[in-house]
Every structure is written in C-alpha cells, then in structure tokens.
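kindly generate the corresponding structure for this input.
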Amino acid sequence: MAAESVSNLIFSGPLEWTVDAACSGETSLFFAPPGERPEARAVREERARAICAQCPVLSECRQWAREHREYGFWGGESEEERAAAGFRVDMPVGRVARYPKGDGKPVRPRAPRVA
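You can find the predicted model right below:
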C-alpha cells in the first residue's frame, strides 16, 4: 500500500484522499486553539469554510469526520454542525477532564472525608 505525505503526517489506506485536500498545511484553521473566544472561532471557521468550499475531496473529508467522530472543522462542517446532522463526537470537549478515570464515563464519587 502506498503512503502519501500531507504536511508532516503520513497517511495511507483510507486516508489517501488527504493528498488532494485543499487544507494541507492549514491545521490552525481547522482546530481551535485553547481558550478561543466565540468571535475568533467564527472568523477562523469562515476561513476554513472558504477553503473547504473549493476542496476536491470535501465529501470524503466530511464522511470521514462523521464516521470517525472527529473533533475540529472537517469537510465544511463544525463539530456542532455534524452533531446537528446526527454525528456527535464521542466525548464533548471538557468531559474528559471531569471524568479522567472513567474513560469518558462518570465514575463513582469519592467517599466523603471524615474529619
């Protein structure tokens, strides 16, 4: 199986379509930085959406993100847009921090401290 290089990552098999992606090297537009404000997110996603609109592999990208419950902006869709279409991410952002030992699921509360 041939391996193709996209940016600094190497993909093969089902991700070979990424070699034709218009977003190659533009990772910062497609994934939110920590603490991003809503206004900055709107601007970033509009820039990403413009790149996606011209991409020859838009449908493959969108399908991949939906099937694999990806985070970020893929195939012209944000996480919220995929969720509205019925394709939710496995764990909403922030949930892992609240449930670090439960593999994303709630764990039993700690026993109360005795003074």
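
do you know how far residue 68 is from residue 58?
16 Å (C-beta to C-beta, to the nearest Å). In this view, the C-beta of every residue, glycine as well, is placed from N, C-alpha and C.

what ranges does this structure have for its strands?
3-6, 9-12 (DSSP state E).

rank those by mean pLDDT and give me the bottom one.
Mean pLDDT values for these show the minimum at strand 3-6, a mean of 43.

pull the longest helix from the chain.
helix 38-53 (DSSP state H).

show residues contacting that helix.
Contacts to helix 38-53, defined as C-beta atoms under 8 Å, 6 or more residues apart in numbering, come from residues 22-23, 26, 29-30, 32, 36, 58, 61, 73, 75-76, 78.

which residues of the protein fall in helices?
27-30, 38-53, 58-68, 79-84, 95-98.

any chance of JSON lines for those helices, columns mean neighbour count?
Converted to JSON lines, those look like this (neighbours: other C-beta atoms under 10 Å):
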{"stretch": "helix 27-30", "mean neighbour count": "16"}
{"stretch": "helix 38-53", "mean neighbour count": "14"}
{"stretch": "helix 58-68", "mean neighbour count": "17"}
{"stretch": "helix 79-84", "mean neighbour count": "15"}
{"stretch": "helix 95-98", "mean neighbour count": "11"}
